[in-house]
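>>> Return a 3D structure for these sequence lines:
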Amino acid sequence: FAKAFNSGEYDNVSPLVVTLKNDIVFDDATNAAWTSIGSVAYEAEGAVNHRFDGSFYGQGFAIKNWHSTNKPLFATTNGGIIKDLVIDSSSSMTFSLNIIAESHYGVIIGDAFSTVIENCTNKAPVSLDNCVANGLATRLDVGGIVGRTDSDSQIIGCKNEGTIESKNTCNFGLTAEDAVPKATVYMGGICGYCRCSIIDCSNTGDITSNYNAYEKATAGIVARIINADNTVKNCTNSGNIIDNSARTPADPISKLDYNREIYVSGVSAIQASSTIDNCSNSGSITLGTDVKFVYVGGVVGKTNNPQTVLSNLTNSGQIKSTAGVRYLYMGGVIGHCAVYTISDLINEGALYVTCIENSGKNTTMDLGGVIGLFDNSNAGTIDGTSDYNIVNKARVDFSYTTLIEYVYLSAGGVIGRLEAPATVKYIKNEAELVKFGAHNADDGDKDLTTYCGGIIGVASKAGTTIENCINSARVYSVSRGTLLPDDSSLPCKFG
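This is a model prediction of the structure:
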């Protein structure tokens, strides 16, 4: 069918409806001959000859023993619906790519236009191996279901259960030869780069990101979503997320002024001008990355568009950073937030930071039980209402073991750093403790500025007010000497 469709045999069939009557089981011959439905080649924008424009009903049947390299089931779709289709765990997808332009790859669909993708499930493992970028301003979108969608598509009731792993054989970042930034990579359990709504979707597959890129976003549901009219709603992630990006030989500390940015979250890594409602993360997030900027949140990594609405978001997964990041923005629910339209944010997952960059380059870390950095130049209100529905219930812990200098550190039970002339009211910290300390040399730290608070680490803008907020946890802050034991009866100590 794929070859017949791509050759134009169905061009005059309207409407085109394909319905599975049983499972499809591939063998060696059919795997070798496989070509994606809906394209001849599509790495470069506009290279598609035949986008699939019909309706495909899987009826719950599965595609089994399908092993594909660089060839999704549908390369591109335009209109219609893909529904009730299962990719079985006996299948696998490998991407080994030379990226020279925008490229979009998913297990079921690479690039979707005006398409409804409903009740589809991927159980196949996905692997990125030996991928490289050879061109400026290139981009790769990867999803367990779909790589990229346009604004007229919809993703409803889909599940990804397969693992997604990008191996350290991939490099989309700075090369040793020219030290020129190469590619942006968006990788999500459901979708990589999304311009449409995602409703009632889930990811249970672990996602491991071991490659370098100029900019990268990784999330359990969607790496990046844009457009004001779109919604991520009723979505859950329970898959663990691991990011181990490292500096390349051409990216030592002296060259970190390249804006290398990493966004990581359980649900949406970059949330731009859209709504995210009733979503949760229970998977752990572990960062072994030491690049320049990292934005990490249990549910949202970063959002800074004033049209964004964030409500009913819960994180219960542990978040941990273990490598020398220069600028780290970490929140139990949101890493970096710049919008006042937030409500019902609950964190139940512990936060741990064990290392930051120590290079004399004015390192910054904002660590909050709910929000790492809240940054907005306009006045507004952060209001948990009288129900105190913005609350942290888990440990926030920064413990470094070596002498550090020229570092700005802020940690709060709810908000790490508040860079806004805001009225903050009815928010609460219930964590057992906020511990912010170190074992340091006797001569102390050079230009080490630390702020630690049960509600907010530091609020720096004139006009800020804090009303009716509750901290019921002990706060430890030790900037020199030995950390207090966890069972200490002292409520606070400053070294």
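
>>> Point out where the stretch 101-250 of the chain drops to low pLDDT.
135-137, 173-182, 246-250 (pLDDT under 70).

>>> Let's see that with 50 instead.
By pLDDT under 50, the weakly predicted segments of the stretch 101-250 of the chain are 176, 249-250.

>>> give me the number of residues near the spatially closest residue to residue 61 that is not a sequence neighbour?
The shortest distance from residue 61 to any non-neighbouring residue, by Cβ to Cβ, 6 or more residues apart in numbering, is to residue 20 (4.4 Å). C-beta here means a position set from N, CA and C on the backbone, and glycine is covered the same way. Neighbour count of residue 20, defined by other Cβ atoms under 10 Å: 17.

>>> Can you classify residue 31 as helix, strand or coil?
helix (DSSP: H, G, I helix; E, B strand; the rest coil).

>>> Quick check: bridge partners of residue 271?
On the basis of DSSP bridges, residue 271 is bridged to residue 225.

>>> mind listing what the residue nearest to residue 61 touches?
Applying Cβ atoms under 8 Å, 6 or more residues apart in numbering to residue 20 gives the contacts 57-59, 61, 85.

>>> and what of residue 192?
Going by Cβ under 8 Å, 6+ apart, the list of residues near residue 192 reads 104-106, 140-143, 146-148, 186, 222-224.

>>> What distance do you get for it to residue 419?
Here residue 192 is placed at a distance of 30 Å from residue 419 (Cβ to Cβ, to the nearest Å).

>>> try residue 32
Distance, residue 32 to residue 419, by Cβ to Cβ: 57 Å.

>>> Same check on residue 133?
Using Cβ to Cβ, residue 133 is found at 34 Å from residue 419.

>>> Compare neighbour counts for these two and give me the winner.
Taking other Cβ under 10 Å, residue 133 and residue 419 do not tie; residue 133 has more neighbours (27 against 18).

>>> Any figure for the gap between that one and residue 143?
Applying Cβ to Cβ, the value for residue 133 to residue 143 is 19 Å.

>>> for residue 58, what are its contacts?
Taking Cβ under 8 Å, 6+ apart as the test, what residue 58 contacts is 20, 82-86, 120.

>>> Mind putting those residues into a markdown table with secondary structure and distance to residue 204?
Output for the contacts of residue 58, formatted as a markdown table (DSSP: H, G, I helix; E, B strand; the rest coil; distance: Cβ to Cβ, whole Å):
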| residue | secondary structure | distance to residue 204 |
| --- | --- | --- |
| 20 | coil | 24 |
| 82 | strand | 21 |
| 83 | strand | 21 |
| 84 | coil | 19 |
| 85 | coil | 18 |
| 86 | strand | 14 |
| 120 | coil | 15 |
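
>>> Would you mind giving me the PyMOL syntax to select the buried ones in these?
Of the contacts of residue 58, the buried ones go into a single PyMOL selection, burial set by 16 or more other Cβ atoms under 10 Å:
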select buried, resi 20+82+83+84+85+86+120
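
>>> Identify, from the contacts of residue 58, the entry nearest to residue 343.
Using Cβ to Cβ, residue 120 comes nearest to residue 343 of those, at 31.4 Å.

>>> rewinding a little: and the contacts of residue 20, which two are furthest apart?
Largest separation among the contacts of residue 20 by Cβ to Cβ: 57 and 61, giving 9.4 Å.

>>> Closest one to residue 15 out of the contacts of residue 192, please.
Set against residue 15, the nearest of these by Cβ to Cβ is residue 146 (21.6 Å).

>>> thinking that closest one is in contact with residue 118, fair?
No: at 11.8 Å, residue 146 and residue 118 do not qualify as touching, with contact defined as Cβ atoms under 8 Å.

>>> quick one: common contacting residues for these two?
Common contacts of residue 146 and residue 118, defined by Cβ under 8 Å, 6+ apart, comprise residue 155.

>>> what about the helices in the protein?
Secondary structure of the chain (DSSP state H): helices located at 2-6, 28-33.

>>> Identify whichever of these lies nearest to residue 343.
helix 2-6 (47.0 Å).

>>> Show me what that closest one is packed against.
On a contact count with 3 or more Cβ pairs under 8 Å, 6 or more residues apart in numbering; DSSP states H and E, helix 2-6 meets no helix or strand.

>>> So what touches that helix?
10, 34-40, 49-50, 52.

>>> Please convert the residues you listed to TSV, extending it with pLDDT, neighbour count and distance to residue 460.
Below are those laid out as TSV (pLDDT from 0 to 100; neighbours: other Cβ atoms under 10 Å; distance: Cβ to Cβ, whole Å):
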residue	pLDDT	neighbour count	distance to residue 460
10	88	17	62
34	93	17	57
35	91	14	58
36	93	22	52
37	93	25	55
38	89	27	52
39	71	25	52
40	48	13	56
49	58	13	56
50	78	19	57
52	92	29	53
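
>>> Give me the nearest residue to residue 58, chain neighbours excluded.
Nearest to residue 58 is residue 85, by Cβ to Cβ, 6+ apart, at 3.1 Å.

>>> separation between that neighbour and residue 158?
Residue 85 is 10 Å from residue 158, by Cβ to Cβ.

>>> list residues touching both of those two?
Contact criterion Cβ under 8 Å, 6+ apart; residues shared by residue 85 and residue 158: 120-121.

>>> for the residue nearest to residue 61, phi and psi?
phi -80, psi 140 (degrees, to the nearest 10).

>>> Can you name the residues that contact residue 152?
113-114, 196.

>>> likewise residue 303?
Contact analysis of residue 303 by Cβ under 8 Å, 6+ apart lists 270-272, 310, 334, 336-339.

>>> if we go to 10 Å?
Counting by Cβ atoms under 10 Å, 6 or more residues apart in numbering, residue 303 makes contact with 225, 268, 270-274, 276, 295, 297, 309-310, 334-339, 342.

>>> who's it bridged to?
In this entry, residue 303 is beta-bridged to residue 337, by DSSP bridges.

>>> measure it to residue 324 for me?
For residue 303, the distance to residue 324 - Cβ to Cβ - is 26 Å.

>>> what does residue 276 give?
In this view, residue 276 and residue 324 are 31 Å apart by Cβ to Cβ.

>>> Please apply the same query to residue 419.
Distance, residue 419 to residue 324, by Cβ to Cβ: 24 Å.

>>> same check, this time on residue 384
With distances taken as Cβ to Cβ, residue 384 is found 34 Å from residue 324.

>>> same check, this time on residue 18
From residue 18 to residue 324 the distance is 52 Å (Cβ to Cβ).

>>> ok, now residue 33?
Distance, residue 33 to residue 324, by Cβ to Cβ: 49 Å.

>>> Looking at those two, which one has more neighbours?
Using other Cβ under 10 Å as the criterion, residue 33 and residue 324 rank with residue 324 on top: 18 against 10.

>>> For that one, grab phi and psi.
Phi and psi for residue 324, reported as degrees, to the nearest 10, are phi -80, psi 80.

>>> so what pLDDT did the closest residue in space to residue 316 that isn't next to it in sequence get?
In space, residue 316 comes closest to residue 348 once its chain neighbours are excluded; the distance is 4.2 Å by Cβ to Cβ, 6+ apart. At residue 348, the pLDDT value in this model is 98.

>>> Let me see the contact set for residue 348.
With contact taken as Cβ under 10 Å, 6+ apart, residue 348 is in contact with 280, 282, 298, 314-318, 332-333, 369, 391-394, 430-431.
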